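1. can't give you the sequence, but here's the structure:
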């Protein structure tokens, strides 16, 4: 069978599974989630063996220590993964919820009902725990899922999906509700994103190259989980001590994640006062600072920024710093160079806050707080599939509700249109 | 300037306009809408002249009478168009609405606020009134719009957009909020749907060829307004008199629209009783009936249906009729051959209704009513940009609210993540 035919068959199986998934009630789904968690727990030995093979192959292939660390399934990570599945049981099932209901003058009753999206493809890289998170979140929302993980985690992913399927089957998980693409052929991604009529949504989570390939090839809807090029703008009316705390937290608390900041913009009226303090605070944390001309004129020890710096997602202890004449210029810069993820202003001026909130075109716009709060858990959603950097359907942290759509169910007693 | 550069410039101008649009309040927007309506009214002579040129060219090019009728801007149609713009003034502005607000344990205030989508491209065919409807709906929701109409309506569209721009400008419509693609070059569509970073959404309204071209070429999100291959399933427990009324209405009241039905499926247990009645009712209305083998065995005068009939959007007085052994088979048929638009069941059996509602994967699922109600006006939305046949972001009739997205505005007083 060709790759094309294999993928079509996978799509057909997912569609058939989805039909069965729409008929499962919440209680049944929760029993299945518990069974999947039990099965992961009981399969630890096989999963860790598979993971050890991935780790060995990764070492041989010369993966970086950071990559190897992301790949590793330690007992602690297994625990977190399993308790994550169990935690979904307690979360409210959004499927079937009546979003609204109204009655028309002709007595037609219109119900707007939350439904699963259908068949979801998820494309991700390296960390095998995403496999379990994504499968469980899609299942809780009655979506069939087709997973495509990173090639370096293939053995771990196969073992994890086997455990989920075997455990779920004991309690009635419809066959093919959770499928994993096991071929390492790069073309599988193209085939997946062109399965229109069989796949309702693809969520790519990853870097520039992956996102570009998916958006250029896709014939099905895509919600991108793209990089975070996040900003803090320090306004002329900022509480500067607060600004320093926020910037340090947003840059240094975990530089490798998407809600960390990459650029700080400072109003020119306070730059001479603020930048030396910023320099002192961040060099103590071993952050490399790269300034524009105006910034480097104030702190000459900084590295002069190149044009690429303003678009970079460093994911590292590096920060670009620019001086802007007005709030307007800060907004321009952020809308042009940012990734529409999370951006903040530090100011005590309400008018500045309002203008910034209104005009910055990002999923999460902060006033006087760290961008590091962009996270399903921190938002109180309980669980998330990731952070959407798109504007359609779902924006920012995507929890269970964002994995659903709706339909209108219209009840009549013979109404016809005149 | 190449087409590519022209389109990029158009995108840049739309992005700049959008930034200004986000700062307009509802009162200002309503003043602008009134001014646009006044301007259309004052420009009737020029608009009708332009339309006459399109009509003449159309006649010369041999357009069908139906096409020419769609193209014509009569005084009555102008009146409807203008009053449509005025009617938007009274409708609630969804932009800025607080969808929800909650406070986290660390006192962060999270506001989920309704916002414009941004820059919307709308691709449509022939009817010039769509130009005005789409422009006004996008403006009311603070979206910048790039319009691409049918080539046969180009003169009318230019005159209409000129009138909207000139009238709006008097009251502060930001320049380039409403732009029309005036080149007839086919490649303009490809360029438009590949303006990622400048265009946030493309809505194609049209037939198979247009939709296919857009989805295959698009790098930006698309919400399809695709054809309506709609069904009525007559269950074994149907009120048959009601079924006849509903089918007649759904097929005959306006066969050329997307919410008219193309196929009727009948449970085999009642087929011998029901099909002759259906034949009598619809042949009286001059409907051509095309049956599957079982149906033609009961009514031998029917045309035998070919495989293509089950996927056809006739938009005409033709109806395909199939006999199904079970409700399950009806759902299978609808999910496979339908366009996920509007499908209905006629039954008095609540269990059958529930199964049908749950498993039919369509925007609007009806029980005991005509599918012809799928319409923004009939739903009570006041105005609509069209009917989405997609499942993401917006499904079914798209009103003002469906032309918005949301952002999170997070207010802090120095919170950092520990």
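-> Thanks, I have the structure now. The shown structure was predicted, so the numbers you read here are calculated from the model rather than taken from an experiment.
2. next up, the contacts around residue A:133.
-> Taking CB atoms under 8 Å, 6 or more residues apart in numbering or on different chains, we find residue A:133 in contact with A:81, A:84, A:383, A:385. Where C-beta positions appear, they are placed from N, C-alpha and C, glycine not excepted.
3. what helix or strand is it on?
-> helix A:129-140 (DSSP states H and E).
4. on the C-terminal side of that helix, identify the next helix or strand.
-> Next in line after helix A:129-140, if elements are assigned by DSSP H and E, sits strand A:144-148.
5. any idea how far that next one is from the chain center?
-> How far strand A:144-148 lies from its chain's middle: 16 Å, per CA atoms, centre = their mean, to the nearest Å.
6. repeat that for stretch A:307-316.
-> Centre to centre, stretch against its chain (CA atoms, centre = their mean), the figure for stretch A:307-316 is 20 Å.
7. one step back: for ChimeraX, write the selection for the buried entries among the contacts of residue A:133.
-> Entered in ChimeraX, the line below selects the buried ones among these, by 16 or more other CB atoms under 10 Å in any protein chain shown:
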select /A:81,84,383,385
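8. where helices are concerned, which of the contacts of residue A:133 count?
-> Using DSSP state H, the members of these that fall within helices are A:81, A:84.
9. what is the nearest of the contacts of residue A:133 to chain B?
-> residue A:385 (14.4 Å; CB to the nearest CB).
10. OK, contacts around that closest one?
-> Applying CB under 8 Å, 6+ apart, the residues contacting residue A:385 are A:122, A:133, A:134, A:137, A:138, A:203, A:398, A:399, A:402, A:403.
11. which of these sit farthest apart?
-> Maximum pairwise distance in the contacts of residue A:385, criterion CB to CB, is 15.1 Å, between A:122 and A:399.
12. what about residue A:72, how many residues nearby?
-> 17 (other CB atoms under 10 Å in any protein chain shown).
13. touching, it and residue A:51? I think so.
-> Yes - contact status for residue A:72 versus residue A:51: in contact at 7.0 Å, counting by CB atoms under 8 Å.
14. pull out the buried residues from stretch A:349-364.
-> A:352, A:353, A:355, A:356, A:357, A:358, A:359, A:360, A:361, A:362, A:363, A:364.
15. let's see which of those residues end up in helices.
-> For those, secondary structure assignment (DSSP H) places A:352, A:353, A:355, A:356, A:357, A:358, A:359 in helices.
16. kindly indicate which of those lies nearest residue A:88.
-> residue A:357 (32.8 Å).
17. residues in contact with that closest one?
-> Contacts of residue A:357 (CB under 8 Å, 6+ apart): A:345, A:365, A:367, B:409.
18. by proximity to chain B, which residue of the stretch 201-350 of chain A wins?
-> For the stretch 201-350 of chain A, CB to the nearest CB, closest residue to chain B: residue A:249, 3.6 Å.
19. which residue, other than its chain neighbours, is closest to that residue?
-> Among residues not flanking residue A:249 along the chain, residue B:416 sits closest, at 3.6 Å (CB to CB, 6 or more residues apart in numbering or on different chains).
20. now do stretch A:333-344: distance to the chain's middle.
-> Distance, centroid of stretch A:333-344 to centroid of chain: 16 Å (CA atoms, centre = their mean).
21. what sits up against it?
-> A:226-233, A:246, A:250, A:258-259, A:263, A:265, A:310-311, A:313, A:322, A:324, A:359-371, A:374, A:387, A:389, A:391, A:396, B:15, B:19.
22. let's go with 6 Å and repeat that
-> Applying CB atoms under 6 Å, 6 or more residues apart in numbering or on different chains, the contact partners of stretch A:333-344 are A:226-232, A:259, A:310-311, A:360-364, A:366, A:371, A:374, A:389.
23. of these, which belong to strands?
-> Judged by DSSP state E, these include A:230, A:231, A:232, A:364, A:366 as members of strands.
24. among the contacts of residue A:385, which one sits closest to residue B:128?
-> Nearest to residue B:128 among the contacts of residue A:385, with distances taken as CB to CB, is residue A:402, at 37.9 Å.
25. does that closest one touch residue A:395 like I think?
-> No - counting by CB atoms under 6 Å, residue A:395 is not a contact partner of residue A:402; they are 8.6 Å apart.
26. show me which of the ones in strands among the contacts of stretch A:333-344 neighbour chain B.
-> For chain B, the contacts drawn from the ones in strands among the contacts of stretch A:333-344 by CB under 6 Å from any CB of the partner chain are A:364, A:366.
27. among the ones in strands among the contacts of stretch A:333-344, which two are most distant?
-> Farthest pair in the ones in strands among the contacts of stretch A:333-344, by CB to CB: A:232 and A:364, 12.6 Å.
28. for residue A:234, give me its contacts.
-> A:243, A:266, A:346.
29. tell me what the second one is bridged to.
-> On DSSP bridges, the residues paired with residue A:266 through beta bridges are residue A:234, residue A:323.
30. what's the burial count for it?
-> 31.
31. now it: how far from residue A:294?
-> 9 Å (CB to CB, to the nearest Å).
32. okay, and the common contacts of those two?
-> With CB under 6 Å, 6+ apart, residue A:266 and residue A:294 have common neighbours residue A:323.
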